[in-house]
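>>> need coordinates for the below:
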Amino acid sequence: MKKLLKILLSTFFLFLPGTNVWAAQGVDCVDIKTPDLSGIDYRLTDEKVYNESRLGKSLNYESAFDFLTYYSFDGGADFIDQEVLDSQLGYAVGEIFQRYSSGSFGGRSEYPVNVLNYELQDDARYLNIKAFNEVGMQKFINQGVLVTAIEINSQEPIKIIEIVTVGTDGYCIHKVRWTTLINPEIESLPNNQFLEYFESLLIDFYRLFIKIN
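Modelled structure (predicted):
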């Protein structure tokens, strides 16, 4: 897990000098409308406003083999800068690591996977966000991390890909988590093909989101 630990440390403590600083300006990050993803075969399974206002609101979607969660929040920050985004990404990656270490999704029923049967792989890496920048998503995704896990003690192991992204529009932090289960018959496909699917999914979500918000 050396690479994964390196990612955790870098995302917790990395600060990029000279980056812009944005003010949260008191915008209510909970005040968002919920995109309808039924046209791309995703159903809304949960819509939650957290008791702590800094945690904002989350939307959970599910399809046959994957789960998408969107978060809108400000984390209690007066200013959202690159350091805040790096910390949020590091925290999100740390949650993935902790989830597999403890064998639990922390009661999050929207991820119905027994992670005790899975082992994280030493392949964590930053996403290439060029595809998102090309469609003008700079204020929605700033950076992201991908990790994989493999089912253990199985003759036909299932593979899991986990992706988390963060970004800001200058008012709220936008965080996305995506988890997909890859059956053995398609596991030989390169990660890039699944990445292309995620890119398409997130672009669709973004376009539907900004259309109503």
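
>>> and the helices in this structure?
2-13, 82-102, 130-133, 191-212 (DSSP state H).

>>> where among those is the average confidence lowest?
Per-stretch mean pLDDT for those is lowest at helix 2-13 (a mean of 49).

>>> now do stretch 166-182: distance to the chain's middle.
Here the centre of stretch 166-182 is set off from its chain's centre by 4 Å, with C-alpha atoms, centre = their mean, to the nearest Å.

>>> mind listing what's buried in that stretch?
Neighbour-count burial for stretch 166-182, counted by 16 or more other C-beta atoms under 10 Å, picks out 166-169, 171-180, 182. Using the backbone N, CA and C atoms, a C-beta is placed for each residue, glycine as well.

>>> with stretch 177-196 instead?
177-180, 182, 194-195.

>>> where's the residue of the chain most remote from its centre relative to residue 130, distance?
The outermost residue of the chain, judged against the average C-alpha position, is residue 155 (29.6 Å), by C-alpha atoms, centre = their mean. Separation of residue 155 from residue 130 (C-beta to C-beta, to the nearest Å) stands at 38 Å.

>>> same question, residue 57
29 Å.

>>> most tightly surrounded among the helices of the chain?
helix 82-102 (a mean of 19; mean count of other C-beta atoms under 10 Å).

>>> that one - contacts with which helices or strands?
Other elements packing on helix 82-102 under the criterion 3 or more C-beta pairs under 8 Å, 6 or more residues apart in numbering; DSSP states H and E are helix 2-13, strand 118-120, strand 143-151, strand 159-168, strand 173-182.

>>> nearest to residue 29, out of the ones you listed?
In this view, these are compared for proximity to residue 29 by C-beta to C-beta, and strand 173-182 is the closest at 7.6 Å.
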